[in-house]
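Colleague: Task: produce atomic coordinates for the following.
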Amino acid sequence: YFMQALHKKKMAAEKERLKNEFARRIVGTFSVGSGGEAITMEKITEEFQRIDSGSEGGDGRISKAEMKNFITTSDSAGGQMKEGDFETLFALIDEDGDGDIDFAEFSAFMGHIKRNIDQQADKFAEA
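Modeller: Residues are numbered from 1 along each chain as shown. All right, here's what the predicted structure looks like:
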C-alpha cells in the first residue's frame, strides 16, 4: 500500500510539473497580462489554430507532429523537451487517446492549467 501511495504521489507531481512546463511554454505565445484576463476562449481558439497549422494544418486536430513542432520551433514556447516528457504531456491532453488533440481536449486542458498559466503570466509580466 505504501509503495502504491508513493507512486501515485510521484505521478501527481510529474503531471503537475508537466502542466507547469506547458504553461510556461504557452504563456509567451499569448498576449498576457496579470490576473488571467488574457486566457479567454478567443485566445485559446487562436492558439489552437496556430498550433494546428502544421503539415496536416487546419484539420481541427493537433497531431503529435504539430505539437512537437510548436514546442521545438516556437521561440516563445521554449525549445526542446525530453521525449518522455513530451509523450506524457501529449497523453495528458489527448484524453480519449486517439493520437490527436481536438479542440475540446485542448480547451479542457487549458482550463485545467489556467491557474498555472496565470502564475506564469505574472512572472512573464514582471520580467
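Colleague: so how far is the longest helix anywhere in the chain from its chain's centroid?
Modeller: Longest helix in the chain by number of residues, with DSSP state H as the criterion: helix 2-27. Going by C-alpha atoms, centre = their mean, to the nearest Å, the spacing between the C-alpha centre of helix 2-27 and its chain's C-alpha centre is 13 Å.
Colleague: can you give me the helices in this protein?
Modeller: Using DSSP H, helices in the chain cover 2-27, 41-51, 64-73, 83-93, 103-112, 114-126.
Colleague: before we move on, back to that, list the buried residues in the longest helix of the chain.
Modeller: Using 16 or more other C-beta atoms under 10 Å as the test for burial, helix 2-27 gives 18-27. C-beta: built from backbone N, CA, C; applies to glycine.
Colleague: If you count contacts, what does that helix end up packed against?
Modeller: When contacts are defined as 3 or more C-beta pairs under 8 Å, 6 or more residues apart in numbering; DSSP states H and E, helix 2-27 sits against helix 83-93, helix 114-126.
Colleague: What about E46, how many residues nearby?
Modeller: 14 (other C-beta atoms under 10 Å).
Colleague: Could you do K68 as well?
Modeller: Going by other C-beta under 10 Å, the residues that sit close to K68 add up to 15.
Colleague: Could you do T72 as well?
Modeller: So T72, with other C-beta under 10 Å, has 13 neighbours.
Colleague: correct me, but it touches E66?
Modeller: No - using C-beta atoms under 8 Å, T72 makes no contact with E66, being 11.1 Å away.
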